[in-house]
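Participant: Kindly return the folded structure for what I paste below:
(2 chains)
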Amino acid sequence: SQQGEEDPQALSIQEGENATMNCSYKTSINNLQWYRQNSGRGLVHLILIRSNEREKHSGRLRVTLDTSKKSSSLLITASRAADTASYFCATLSWGGYQKVTFGTGTKLQVIP
Amino acid sequence: NAGVTQTPKFQVLKTGQSMTLQCAQDMNHEYMSWYRQDPGMGLRLIHYSVGAGITDQGEVPNGYNVSRSTTEDFPLRLLSAAPSQTSVYFCASSYSARSSSYNSPLHFGNGTRLTVT
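Facilitator: You can find the predicted model right below:
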């Protein structure tokens, strides 16, 4: 079963607006990662937040993590048409070898 | 560096045929994995490997075999293709296989689109 579930499933915004995507997961995690997938391509890693971190920034990306609620959010500020893609959260559970589990994704469309 | 290379990019099979999806990485990564991506399902883990000679099952292993004879290569075999295996397949690797290694994100290939008729 999927560990993560993104919300919303699809999001359409105007260029320059902020985009917020949420991710909920089920079990305790080691870290949570966000990936982007452009149409027809492989996923590209965006940002990783550890379970003992609450917020992390990378350029126009801001990720928050609330382990008590088992949720994370990805904020893309000042969106651009090039940000149009699907975004996935992925979780890495504690213990042993890593098995990264992906959510179902949010499809973001940024309208120029 | 080429990163993670998957071949072929597209493949059409008839039910019952067998084939091997190739995956190679040139980053000396310890961990390699196969995912399938279906509409509305996200990515689901098929098999993974934490080093040469070591493989294990993921969420949806049935109908697929893997082996890891070298660090670089991790082929995925479909022994008898079924229409339910129509999907996009992604290979991914990372530097460390240990879950305690925090900063070890996955690097993905560009996928193989498989259709089974």
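
Participant: To what extent is the closest residue to chain A within chain B buried, counted in neighbours?
Facilitator: Closest approach between chain B and chain A, counting by CB to the nearest CB: residue B:108, at 3.4 Å. From N, CA and C alone the C-beta is placed, and that goes for glycine too. A total of 23 residues lie near residue B:108 under the criterion other CB atoms under 10 Å in any protein chain shown.

Participant: per-residue confidence at the residue nearest to it when sequence neighbours are not counted?
Facilitator: Spatial nearest neighbour of residue B:108, chain neighbours left out: residue A:42 (3.4 Å); criterion: CB to CB, 6 or more residues apart in numbering or on different chains. Here, the pLDDT recorded for residue A:42 equals 91.

Participant: how near is residue A:42 to residue B:93?
Facilitator: For residue A:42, the distance to residue B:93 equals 11 Å [CB to CB, to the nearest Å].

Participant: try residue B:81
Facilitator: According to CB to CB, residue B:81 stands 25 Å off from residue B:93.

Participant: out of the two, which sits in the busier spot?
Facilitator: Per other CB under 10 Å, whichever of residue B:81 and residue B:93 has more neighbours is residue B:93, with 28 against 22.

Participant: pLDDT weak spots in the chain?
Facilitator: Let's take chain A. Low-confidence segments of chain A, defined by pLDDT under 70: A:1-3, A:94-98.

Participant: That was the other one, I meant chain B.
Facilitator: Applying pLDDT under 70 to chain B flags residues B:1, B:97-103.

Participant: Which stretches in it count as strands?
Facilitator: Secondary structure of chain B (DSSP state E): strands located at B:4-7, B:10-13, B:19-25, B:31-38, B:42-51, B:54-57, B:64-66, B:76-78, B:87-94, B:107-108, B:112-116.

Participant: In contact with residue B:53, which residues?
Facilitator: When contacts are counted by CB atoms under 8 Å, 6 or more residues apart in numbering or on different chains, residue B:53 touches B:68-69.

Participant: again, but for residue A:64
Facilitator: Shown in contact with residue A:64 (CB under 8 Å, 6+ apart): A:49, A:54-55, A:72-73, A:75.

Participant: Dihedrals phi and psi, it?
Facilitator: Per-residue torsions, residue A:64: phi -120, psi 150 (degrees, to the nearest 10).

Participant: So what pairs up with it in the strands?
Facilitator: Legend: beta-bridge partners of residue A:64 under DSSP bridges are residue A:55, residue A:73.

Participant: sorry, back to before: tell me who's in contact with the residue nearest to residue B:108.
Facilitator: Residue A:42 makes contact with B:4, B:90, B:92, B:108-111 under the criterion CB under 8 Å, 6+ apart.

Participant: returning to what we had before: okay, among the contacts of residue A:64, which ones form the most distant pair?
Facilitator: Farthest apart among the contacts of residue A:64 by CB to CB are A:54 and A:75. That separation is 13.8 Å.

Participant: These two: who's more crowded?
Facilitator: Of the pair residue A:54 and residue A:75, residue A:75 is the one with more neighbours under other CB under 10 Å, namely 14 against 11.
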